[in-house]
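Q: just need the structure, nothing else, for what follows:
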Amino acid sequence: MGYDATRPATYPDEPRLALLTQAEAHETIELLQLLEQFGPGGGGPAAGQLAADLARRLPAP
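A: Modelled structure (predicted):
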């Protein structure tokens, strides 16, 4: 099944939920920071960058 650009997109009427709650986002940032420090395999810098990017998108307390 392919994409048909001639048909308009349809979306459900139900309200959309956030991908993450604020509490989940904070927990995710904490886990990414731990992965940055202690994760095996050299993925630490990427985890730290992702944590920083996510933290910048959170509303100020």
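
Q: residues contacting the nearest residue to Ile29 once chain neighbours are set aside?
A: With sequence-adjacent residues excluded and distances taken as CB to CB, 6 or more residues apart in numbering, Ile29 is closest to Ala51, at 4.9 Å. In this view, the C-beta of every residue, glycine as well, is placed from N, C-alpha and C. Ala51 makes contact with 28-29, 32-33, 36 under the criterion CB atoms under 8 Å, 6 or more residues apart in numbering.

Q: any idea which helix or strand carries Ala51?
A: Using DSSP states H and E, Ala51 sits within helix 44-57.

Q: and the gap between Gln37 and Pro15?
A: The gap separating Gln37 from Pro15 is 38 Å, by CB to CB, to the nearest Å.

Q: between those two, who's got more neighbours?
A: Gln37 (10 against 5; other CB atoms under 10 Å).

Q: next up, phi/psi of the more buried one, please.
A: phi -80, psi -40 (degrees, to the nearest 10).

Q: that one and Gly44 touch, don't they?
A: Yes - Gln37 is in contact with Gly44 according to CB atoms under 8 Å; the separation is 6.8 Å.

Q: what mean pLDDT does stretch 36-52 have?
A: For stretch 36-52, the mean pLDDT works out to 89.

Q: once you drop chain neighbours, what's closest to the spatially most central residue of the chain?
A: The residue lying closest to the centre of the chain (CA atoms, centre = their mean) is Leu54, at 6.6 Å. Nearest non-adjacent residue to Leu54, counting by CB to CB, 6+ apart: Ile29, 5.6 Å away.

Q: quick one: pLDDT of the closest residue to Pro59 other than its chain neighbours?
A: Counting by CB to CB, 6+ apart, Pro59 lies nearest to Gln22, which is 7.5 Å off, once chain neighbours are set aside. Gln22 is assigned 87 on the pLDDT scale.
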